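1. how would this look folded up:
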Amino acid sequence: MIDQYGNWYQDYPGQQPYQDPAYIRVYGQRQPVQQSAQQPQQPQGNAQTVEVLPADSERFVLDFPVGNGQTKLFISKSDTFVGIKSVSMAGEVSVDFFDKRPPAPPVPTLNPADYVRKDELSALIAEAIKAENPPRRAAKKEDE
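-> Model prediction:
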């Protein structure tokens, strides 16, 4: 049965649309779609797929086998580097590493004036003690 909006409903349980004369009148007989086994499409032109793999170290990237004409991208598990390993069709291997670590802070320069020399140490200690304990003045007696 087809309602006024074009929706098909079963007249009895198990009825298929092709068994309903009203459905065939409205929509005609549809041919079943046959699915053919198609082969996956190959990339066209210069398209290339690159596999991304996790890596423990740079040594892992260098030792990992890559077939001719393939490229593999490696990202370190600690997120410190990215490596790209490519092998040409002739078998030439190229490996590039890109560092993802932030730049190291600048190393402070040594300024000798910021440090105390051994011969100056005793004079500085004496000055510090003198500043801690100022000399006492004799108190004037009010009785006199």
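
2. contacts, neighbours, all on C-alpha from now
-> Will do.

3. would you map the helices across this structure?
-> In the chain, the segments counted as helices under DSSP state H are 21-27, 58-63, 118-132.

4. pull out the buried positions in the first one.
-> Going back to what we said before, that points to helix 21-27. Neighbour-count burial for helix 21-27 flags Tyr23 (criterion: 16 or more other CA atoms under 10 Å).

5. before we move on, back to that, for Pro106, which of the helices of the chain is the nearest?
-> helix 58-63 (25.4 Å; CA to CA).

6. where does pLDDT dip in this protein?
-> Across the chain, the ranges flagged by pLDDT under 70 are 29-48, 138-144.

7. out of the helices of the chain, which is the most enclosed?
-> Among these, ranked by average contacts under mean count of other CA atoms under 10 Å, first place goes to helix 58-63 (a mean of 14).

8. tabulate the helices of the chain (CSV), appending distance to Phe97.
-> As requested, these are exported to CSV (distance: least, CA to CA, whole Å):
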stretch, distance to Phe97
helix 21-27, 62
helix 58-63, 8
helix 118-132, 49
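
9. thank you kindly, that will do.
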